[in-house]
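Asker: Give me a 3D structure for the following:
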Amino acid sequence: MFAGVMMLNSKQPVSSEYKKALFQNLSRRPEEDIVELSFEHAYMVQAKVGALTSYDGLLKHEPHAASLLAGEPLGPAGNIDDDHKLIDRELAEGSYPALRGCRGTFCGASYGEAEGEPVLHLFSDKLGVRPIYYWRDDEMVVFATALRILEALPFVPKVRDDVGVAESVAFGYPLAERTQYVGINVLREAEIVTFSSPGMTKTCYWRWDQVPTREMVDKDALEKAYNLFMDTINIRRRGDREVGAFLSGGMDSRAIVAMLHASGAVIQAINFSPDRSQDQALASAFAEQIGVPFFAAPRQDSPKDGFRMALTRFVRDCIDSGEIKAERPNSLWSGDGGSVGLGNVHLDDKLLSLLRNGERRSAIKHFFHICQIGFPYRLLQSQNRKLVAEILRSGVENELDRLECADPGQAMFLFLMANDQRKHLYDVYEDLDLHRLEYQLPFFDSDLLEFICGLPVDYRNNHRFYTDWFSVFPESTREVPWQTYPGHVDCPLPIPENLSYQWGPPPPQKLSTKIASRVSSGIEALRLALDPADLGPVPRSRLLALAGIQLLCIKDYSYAVKAAARYRLG
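Answerer: Numbering: from 1, shown residues only. Model (predicted):
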């Protein structure tokens, strides 16, 4: 993780106030070992987590240049330090063959001087999975790998972006490069943003919409995908004998564990699912089938602080107690990216048909329906409801317009990859200073995704390709049933009865739990209503009404209270 500031005026040095604020806010761990890089016109701080690799992520070019790297490029040089050198050289030269050849998830910042003027390059991986946030004005540019750092800096203004907030409420994340703050942006996929005294330029070094479609729907395609996936596993494993891997009841983590097992790795499988769920029971059965140690801790269906934070605490406890025996215990194998990348989750055949018939608005409406994307419009006054609805629709349309795909269905898939999946793990990297965990992410391997993108989108839809792909995996992969998405290809094996289903109706809450939850939500609504902070389009009268409804337990509007809270920054 890293952060920094560069002055855009070559005659202006970095003030001690800026340096102190960056140093103090990089990490929330008091004992953090922070490296400082101080130049006349720039200042950068870095802390190494060390979960993925022993490489320190730092290239120094004394006295006027340095480059920082987070993550693992998995590029053409074959090792991380030489990949870093290649990337740094390409940024200076303006030609990017090595960057285009990188398969991993990474980001970086490269500072130097050109003809005595300061120049800063920020760069992301091909999908932008690891974030870099930045803010600039006429005097400086400030950047960081966690949004919380920019939020904590007193010299970076925090002005609410109502578009970004509305998108966060509806989608769970702002679209495009937006955050919930005006002027604070995040790098897009395969993006290089360069800052110098003349201004800012953006370069896209790889285009997903230029990947050609190949009419491959036969066993040859399945075997090529299998071999490529094996390669994605091996280059990340780097010969580790003992590894830790998440294992749920679905296909993504099973594919990874099956491949690790086939490659000879000794696996500690970890499960964090509700008790007596398909996710737990089917994962346990598969682990037993292939003889892999299985460690499970039942979790609540809806953890109070969210699934990701609860998972992080569980894994951290497992590591600290010695339950996870692996050569890199802080680096766990995860199936993130598989369901959308290979299974086309959030798309269906009707959506593809609407898009191809030119009925884009109907397609977006259907997309919102199948993904349960919505906004608590009754929270707003009537004049703002149409405005927010238009914000959400036009946000999707603008993203589709930037893609030059021959097939509109492929454009919708890439919309999901460049937004939903790009930002899928941002919360993990946001708290990296505290939990110190990294994930091995083979489904985000860009070579694998390039091959998958080249297959017909209809074949990939509803897990059709994915289910066929399982046919070339070791037989043990298919001898235990797996959990499937509603409306997608069913598992050919019978699912044991009396197990809860991830997408089924939630279990009934105890009356005491339900009352406590609504009262807590009502108190939060009352606090927001009485808070003098600006809440944008949310009128306080609506919050007072919500507070009464929640406190009296008339109906559950906790989702609307949470939405209103997003409009209060700070």
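
Asker: buried ones in the helix or strand hosting E36?
Answerer: Under the criterion of DSSP states H and E, E36 resides in strand 34-38. By neighbour count with 16 or more other C-beta atoms under 10 Å, strand 34-38 contains the buried residues 34-35, 37. All C-beta atoms are positioned from the backbone trio N, CA, C, and that covers glycine.

Asker: What ranges does the stretch 401-550 of the chain have for its helices?
Answerer: Along the stretch 401-550 of the chain, counting by DSSP state H, counting those that start in this stretch, helices occupy 408-416, 426-430, 432-435, 446-453, 457-460, 464-469, 511-530, 540-551.

Asker: who touches the residue nearest to S124 when sequence neighbours are not counted in this structure?
Answerer: In space, S124 comes closest to L187 once its chain neighbours are excluded; the distance is 4.2 Å by C-beta to C-beta, 6 or more residues apart in numbering. Applying C-beta atoms under 8 Å, 6 or more residues apart in numbering to L187 gives the contacts 107, 122-124, 128, 131-132, 134, 177, 193.

Asker: same thing but at 7 Å, please
Answerer: L187 makes contact with 107, 122, 124, 128, 131-132, 193, according to C-beta atoms under 7 Å, 6 or more residues apart in numbering.

Asker: what do you get for R540?
Answerer: When contacts are counted by C-beta under 7 Å, 6+ apart, R540 is found next to A529.

Asker: On the pLDDT front, check it for me.
Answerer: For R540, the model assigns a pLDDT of 91.

Asker: tally of neighbours for P376?
Answerer: 19 (other C-beta atoms under 10 Å).

Asker: Mind pulling the model confidence for it?
Answerer: 94.

Asker: From T203, how far out is the residue nearest to S124?
Answerer: Applying C-beta to C-beta, to the nearest Å, the value for L187 to T203 is 11 Å.

Asker: just V266 next, same as before
Answerer: From V266 over to T203 (counting by C-beta to C-beta), the distance is 43 Å.

Asker: before we move on, what about L52?
Answerer: 26 Å.

Asker: do the same with R316
Answerer: In terms of C-beta to C-beta, R316 sits 38 Å off from T203.

Asker: quick one, strands of the stretch 51-200 of the chain?
Answerer: Secondary structure of the stretch 51-200 of the chain by DSSP state E, counting those that start in this stretch: the strands cover 58-61, 65-71, 106-114, 117-124, 133-136, 140-144, 185-186, 191-196, 199-204.

Asker: ok, and what's touching the last one?
Answerer: Here strand 199-204 makes contact (C-beta under 7 Å, 6+ apart) with 136, 190-194.

Asker: between these, which is closest to E215?
Answerer: Of all the contacts of strand 199-204, the one sitting nearest E215 is A190; the distance, using C-beta to C-beta, is 26.0 Å.

Asker: show me the contacts for that closest one.
Answerer: Applying C-beta under 7 Å, 6+ apart, we find A190 in contact with 124, 126, 204-206.

Asker: What is the nearest of those to V489?
Answerer: The closest of the contacts of A190, once distances to V489 are taken by C-beta to C-beta, is K126, at 28.3 Å.

Asker: Which residue comes closest to that closest one once chain neighbours are left out?
Answerer: Using C-beta to C-beta, 6+ apart and skipping the chain neighbours, the partner closest in space to K126 is S446 (4.2 Å).

Asker: gap between the one you found and A296?
Answerer: 32 Å.

Asker: before we move on, the earlier item: what two of the contacts of L187 are the furthest from one another?
Answerer: That would be P131 and V193, which, of these, are the farthest apart (C-beta to C-beta) at 12.5 Å.

Asker: any chance of the contacts of strand 199-204 in JSON lines, with distance to V163 and pLDDT too?
Answerer: Formatted as JSON lines, the contacts of strand 199-204 follow (distance: C-beta to C-beta, whole Å; pLDDT from 0 to 100):
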{"residue": "R136", "distance to V163": "19", "pLDDT": "97"}
{"residue": "A190", "distance to V163": "23", "pLDDT": "98"}
{"residue": "E191", "distance to V163": "20", "pLDDT": "98"}
{"residue": "I192", "distance to V163": "25", "pLDDT": "98"}
{"residue": "V193", "distance to V163": "20", "pLDDT": "98"}
{"residue": "T194", "distance to V163": "25", "pLDDT": "97"}
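
Asker: thought G112 was touching P63?
Answerer: No. Counting by C-beta atoms under 7 Å, G112 does not reach P63; the two are 11.0 Å apart.
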